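Peer 1: Here is my input, please return the structure:
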Amino acid sequence: MRIIFVLPICFFYMITNAQTGINPWEDPVHYQVNKENPHVTFMLFDNEKNVIADDYSKSPFYQSLNGVWKFVYVDKAVDRLKDFYSNDLDDSKWSNIPVPSNWEIKGFGIPIYTNIIYPFPKNPPFVGDDDPVGTYRRHFTIPENWDGKEIMLQFGSITGCAFVTVNGKQVGISKVSKCPAEFNITPYIKKGDNLLAVQVIRWHDGSYLEDQDFWRISGIERDVFLYALPKQSIWDFNVEAGLDNKYKNGLFNASINLRRFNGYKGEKASLNIELKDVDGRTVFNKKIKINPSNDSLQWIQMNGVIKNVQPWNGEHPYLYDMVISLTNPDGSTIFTSSKIGFRTIEIKDSQIMINGVPFIVHGTDRHEHDSVNGHVLDKASMVRDIQLMKEFNINAVRNSHYPNNPLWYKLCDQYGIYLVDEANVEIHGMGDLPGRFDTTVHPAYLPQWAPSIADRIHRAVKTNRNHPAVIIWSMGNECGNGQVFKDSYKWIKKEDPTRPVQFEQALENENTDIVCPMYPQMKYMKAYAASNKTRPFIMCEYAHAMGNSSGNFQEYWDVINSNKKMQGGFIWDWVDQGIQTTNKYGKTFFAYGGDLGGYDLHNDENFCANGLVAADRTPHPGLYEVKKVYQDIIFSDFDLSKKEIKVDNRFAFTNLNQYQFKWEVYKNGDVFKEGSFNIDLSPRSEKIISLPIPDLNEEAGTEYTLNVFSFIKEAQPLLDAGHEIAREQFLIKSQYFTKKE
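Peer 2: Numbering: from 1, shown residues only. A predicted model of the protein is given here:
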């Protein structure tokens, strides 16, 4: 029934806009048409083995639409194909383009890099006449065993205002990028060949809300696929997997959403949830009967206690397999699953805590960027990022400034990276700090924009809420603090009371649980540390990593280490946003703003090259300074007379017996003596240990130094045995700089 009622609205909307002269891509009130409500990422399978493996290609209910599509590009919206959806249109001479991709990276139009200034005339909601359009078409066939099922079409992300059609009929409109756009296309499909046509307008009213500091590139940039659902199906599920007040037992609460479509026959069914540990042993199993219902949506609650549960944290990311199955009276069963981690996030005693333990945020901000493919990343690239972060003692990432590819969350769950998940809201070009902009024209302060902004926040939460790696929600970046953000803060706290919310634009106002400034002055940090204020202080951006940077980094951490509520921050940023290019001489270089045809357009030159790693993930020198300061094993207070050193274990959950230690005495730069040692030291504790250092004779012109190292004993995921995680150097005796008379 939902489709029957909404479809005429879609047609009426398009006709009305044509008659009134309002372009549908410049109308913030209508920020979407016919899109499905957001829900968690999932896929249905027909057996338990494949559902746990989480390989969508093994599902009989899944069909990928990735691959080569037909494509045509124009520079101005006025020149776009008006009948792009027509079944009679001949697209045989169109170009081919891979999906997913960004069309500018594939040679259509100009990639533009700008930090703050919009790449179109600033006059919300209008975007001007120079508005490129890309039109996509491809054919597909519905599998025969999908007969009688509901067919859903999902785009992982489309950057631009997308008009979606199937078989010449308008299906819907999506304007928000970096979030799934999903449509029920059951009424539009037919047996045999089907035509999917999508027209994407590059700039639109939603572009005012997507003013991030990155390359402005467009198109269908994440996976596209179809999936089939039975007439009664699992549709959504919210999982709260926390710990009891002693942080020992797991408290499991699941809400499963069943959806019923036209054609549902009102049959009984049974719903089952099973939790399995890493060895495949069942630790929880519960089944309930589902009676027939006329409700199109029904929420089912299931809960239980798992004794002596293995908790999840970033240092030891233990995951359970949750398998949900729905069985019909004929015995047919559909399965879906999610990997879940039991952990509790709290703010207590002025600190953010995980499982009752305060931890330090050794963070970085991260854009989704690939030096070859733009905003399209593959699994290998994501894993490489996590590996480098682990190698350099980074334990947290702020998804700046939008929800990421669904695979990123799964990998951070698996390998243990704490995430701040940020909604796709940045309005920087209209102003971001109080007193610096006109609230009568700023979208964050106008009621007609509020539903669009709130929708972006809701989608981030509803899509990614089951991931244990997500420990904090962020409502956006550099976007003002209008009423919509105060209302959205309250909505998040009600929708998901298990996580705190941070919002830099709130400063120290009521709609942020964490004080999270960007680039604060040292005097402000010192004043906050010395105050009796009770909110954790975690910088959302600091230590701008551009050029020969990251120097004086320890000074930040001297302040952070001065007070427990100072809990770290996120370095701006992770990767240089260079695009691999070959010049006319055949030399490869990384292009930045002004290159690739953008020289005569506004661009912010090399300001996109401010990462801790190069565009090809080569570490910059400054990253080694970050590794040193971010290390969780601190060596200090070396006493030569006693041959003792203090070791401070700042890990939250790891005993130092997991590491091998080594000392070396250097004489004038050469190894003089060396040895190894072990330490049994609990997390968040310190001790004095003795080192068997030889007696050293003072000799004129001789310098002695002591180097101490810590290495991983046994291989860990993504880290080899013997990888160095901490070091320190102490000057023992020196004659090199003795004053001469």
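
Peer 1: Confirm for me that Gly598 is in contact with Gly109.
Peer 2: No: using Cβ atoms under 8 Å, Gly598 makes no contact with Gly109, being 10.4 Å away. All C-beta atoms are positioned from the backbone trio N, CA, C, and that covers glycine.

Peer 1: what are the ranges of the helices in the stretch 551-700 of the chain?
Peer 2: 553-560, 621-630 (DSSP state H, counting those that start in this stretch).

Peer 1: Can you list the buried residues in the first one?
Peer 2: So the one you mean is helix 553-560. Of all the residues in helix 553-560, those buried under the rule 16 or more other Cβ atoms under 10 Å are Phe553, Tyr556, Trp557, Val559, Ile560.

Peer 1: Kindly report the same for the longest one.
Peer 2: Residues Gly622, Leu623, Glu625, Val626, Lys627, Lys628, Val629, Tyr630 are the ones in helix 621-630 that count as buried (16+ other Cβ under 10 Å).

Peer 1: from the chain's centre, how far out does that helix sit?
Peer 2: In terms of Cα atoms, centre = their mean, to the nearest Å, the centre of helix 621-630 is set 23 Å apart from its chain centre.

Peer 1: thinking again about what came up before, among the buried residues of helix 621-630, which pair sits farthest apart?
Peer 2: Using Cβ to Cβ, the pair of those lying farthest apart is Gly622 and Tyr630, separated by 12.1 Å.

Peer 1: helix/strand/coil for Pro28?
Peer 2: Put simply, Pro28 is coil when judged by DSSP: H, G, I helix; E, B strand; the rest coil.

Peer 1: ok, it - contacts?
Peer 2: Contact analysis of Pro28 by Cβ atoms under 8 Å, 6 or more residues apart in numbering lists Pro124, Pro125, Asp205, Gly206, Tyr208, Pro443, Gln448, Trp449, Ser452.

Peer 1: pLDDT at it, what is it?
Peer 2: Pro28 carries a pLDDT value of 96.

Peer 1: Would you list the phi and psi of it?
Peer 2: Dihedral angles of Pro28 (phi, psi; degrees, to the nearest 10) stand at phi -70, psi -20.

Peer 1: Specify which member of the contacts of Pro28 is nearest to Gly593.
Peer 2: Using Cβ to Cβ, the contacts of Pro28 come closest to Gly593 at Tyr208, 20.4 Å.

Peer 1: Just give the nearest non-adjacent residue to that closest one, would you?
Peer 2: Leaving aside its sequence neighbours, Tyr208 sits nearest to Pro124 (Cβ to Cβ, 6 or more residues apart in numbering; 4.9 Å).

Peer 1: quick one: that neighbour from Arg436, how far?
Peer 2: 17 Å (Cβ to Cβ, to the nearest Å).

Peer 1: Okay, now the unreliable bits of the stretch 601-741 of the chain?
Peer 2: Applying pLDDT under 70 to the stretch 601-741 of the chain flags the ranges 734-741.

Peer 1: Tell me which helix or strand in the chain has the weakest average pLDDT.
Peer 2: helix 2-20 (a mean of 43; mean pLDDT, DSSP states H and E).

Peer 1: Could you list the low-pLDDT ranges of the stretch 1-150 of the chain?
Peer 2: 1-20.

Peer 1: Show me where it has its helices.
Peer 2: Ranges of helices in the stretch 1-150 of the chain, per DSSP H, counting those that start in this stretch, are 2-20, 48-53.

Peer 1: In the beta-sheet assignment, what are the partners of Phe537?
Peer 2: Taking DSSP bridges as the rule, Phe537 bridges to Val515, Met566.

Peer 1: That one reaches Lys565, doesn't it?
Peer 2: Yes: Phe537 is within contact range of Lys565, at 5.7 Å (criterion: Cβ under 8 Å).

Peer 1: Comparing these two, which shows the higher neighbour count?
Peer 2: More crowded of Phe537 and Lys565, by other Cβ atoms under 10 Å: Phe537, with 26 against 22.

Peer 1: Not including adjacent chain positions, what is the nearest residue to His367?
Peer 2: Spatial nearest neighbour of His367, chain neighbours left out: Phe214 (5.3 Å); criterion: Cβ to Cβ, 6+ apart.

Peer 1: actually Val397, sorry about that
Peer 2: Per Cβ to Cβ, 6+ apart, closest to Val397 is Arg366, 5.0 Å.

Peer 1: Could you report the neighbour count for Thr333?
Peer 2: 16.

Peer 1: which residue sits closest to it, ignoring its sequence neighbours?
Peer 2: Excluding the flanking residues, the one nearest Thr333 by Cβ to Cβ, 6+ apart is Thr327, at 4.4 Å.

Peer 1: any idea how far Gln232 is from the one you found?
Peer 2: Going from Thr327 to Gln232 by Cβ to Cβ gives 11 Å.

Peer 1: still on that earlier bit, which neighbours do Phe537 and Lys565 share?
Peer 2: Jointly contacting Phe537 and Lys565 under the rule Cβ under 8 Å, 6+ apart are Tyr528, Ala529.

Peer 1: mind checking how far Tyr247 is from Ile471?
Peer 2: Separation of Tyr247 from Ile471 (Cβ to Cβ) stands at 15 Å.

Peer 1: and what of Ala545?
Peer 2: Distance from Ala545 to Ile471, by Cβ to Cβ: 23 Å.

Peer 1: Looking at those two, which is more packed in?
Peer 2: Ala545 (26 against 22).

Peer 1: Let's see the pLDDT reported for that one.
Peer 2: Ala545 is assigned a pLDDT of 93 by the prediction.

Peer 1: Once you drop chain neighbours, what's closest to it?
Peer 2: With Cβ to Cβ, 6+ apart as the criterion, Ala545 has its nearest non-adjacent residue at 4.9 Å, and that residue is Leu612.

Peer 1: If you tally nearby residues, what's the number for the residue nearest to His367?
Peer 2: For Phe214, the neighbour count with other Cβ under 10 Å is 22.

Peer 1: How about it: which residues does it bridge to?
Peer 2: Under the criterion used (DSSP bridges), Phe214 bridges to Thr114.

Peer 1: Equivalent analysis for Phe252, please.
Peer 2: Ala241, Gly304.
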